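Student: structure for the following, please:
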Amino acid sequence: MQISQCFVCTITNAVGSSIARTTHCGIYLNCGPEIGVASTKAYTSQLVAITLLALKLGEDSLSSFQRRKEIIQGLQELPNLVKRVLALEPQVKEIAKKVKDARSLLIMGRAFQNATCLEAALKIKELCYMHSEGILCGELKHGPLALIDETMPIIFVCTKDRLYDKVKSGFEQVTARGGKPIIICSEGDTSIPTHLAKLEIPNTVDCLQGLLNIIPLQLLSYHVAVLRELNVDQPRNLAKSVTVE
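Tutor: Down below sits the predicted model:
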């Protein structure tokens, strides 16, 4: 029986790395060296690269023409939007002061933002040595809700998309049980209770929103680590490359 050969493509930032040499083809991110062990800009660059790859694969589809045009425009606007998000750093520092002594941190979202929650939880674990979980909001009642009280810090990624109302329902359940969630929301969202800490993020195309939402969460992990007097570039027990299986 003949077995077809698997064709392997990779997305990597390190030219000449082991993965680049062993795969058939690939995409170099070219986003510059990542000094810290806990990668940040490589994550956002990978999202852009995957989006560009999807646009290229779908360029002959007439049915997706308008969608492609919308995404391309969103990509062109990203640099200015990122600058606006970075301007929120003073607010991020204040939130970091509130959660720096916590033993655990939950981060919740849905759809495209599930990846944002997972990446944010990873950075919190890597840099702050704090237990953190990225959780789908739809799973709130299947375990996480039992952890909620007035002392449990929890972040909701609640920017406006097709599942906005469902995520909003999640943080309303948390506040009803004494929780005080921190909300990552869209600019101008007046439906968020004023007594809750929030960060207002500029809106972009739904599939690109995670690129903006992750930045304040990466900054949060950095500032919490600094407040805990930890080495943000060289977290304990971690390495830049995998040398053993």
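Student: okay, now the domains of this structure?
Tutor: The chain breaks down into these structural domains: 9-80, 85-227 (assignment by automatic domain parsing).
Student: next, the distance between the ends of the last one.
Tutor: When you say that, I think you mean domain 85-227. According to Cα to Cα, to the nearest Å, domain 85-227 extends 21 Å from its N-terminal end residue to its C-terminal end residue.
Student: longest helix in this protein, please.
Tutor: Counting residues, the longest helix in the chain under DSSP state H turns out to be helix 65-86.
Student: direction-wise, compare the next helix or strand after that one with helix 65-86 and give the angle.
Tutor: Going down the chain from helix 65-86, the next helix or strand is helix 89-99, by DSSP states H and E. Direction vectors for helix 89-99 and helix 65-86, defined by axes from the mean of the first three to the mean of the last three Cα atoms, to 10 degrees, enclose an angle of 70 degrees.
Student: who are the packing partners of helix 89-99?
Tutor: Of the remaining helices and strands, those touching helix 89-99 by 3 or more Cβ pairs under 8 Å, 6 or more residues apart in numbering; DSSP states H and E are strand 182-186, strand 198-201, helix 209-227. C-betas here are computed from N, CA, C, even on glycine.
Student: again, 6 Å this time
Tutor: helix 209-227 (3 or more Cβ pairs under 6 Å, 6 or more residues apart in numbering; DSSP states H and E).
Student: mind listing what's buried along the helix it packs on?
Tutor: Buried residues in helix 209-227, defined by neighbour count with 16 or more other Cβ atoms under 10 Å: 209-226.
Student: any idea which helix or strand carries the residue nearest in space to the middle of the chain?
Tutor: Nearest to the mean C-alpha position of the chain, counting by Cα atoms, centre = their mean, stands residue 116 at 2.6 Å. Element membership for residue 116 (DSSP H and E) is helix 113-128.
Student: just the buried residues of that helix, please?
Tutor: Along helix 113-128, the positions that meet the burial threshold by neighbour count (16+ other Cβ under 10 Å) are 113-128.
Student: the residue nearest to the centre of the chain contacts residue 157, correct?
Tutor: Yes: with contact defined as Cβ atoms under 6 Å, residue 116 reaches residue 157; the gap is 5.4 Å.
Student: which neighbours do those two share?
Tutor: In terms of Cβ atoms under 6 Å, 6 or more residues apart in numbering, residue 116 and residue 157 are both contacted by the residues 109, 213.
Student: out of the domains of the chain, which is the most enclosed?
Tutor: domain 85-227 (a mean of 19; mean count of other Cβ atoms under 10 Å).
Student: now do it, average pLDDT.
Tutor: Across domain 85-227, the average pLDDT comes to 89.
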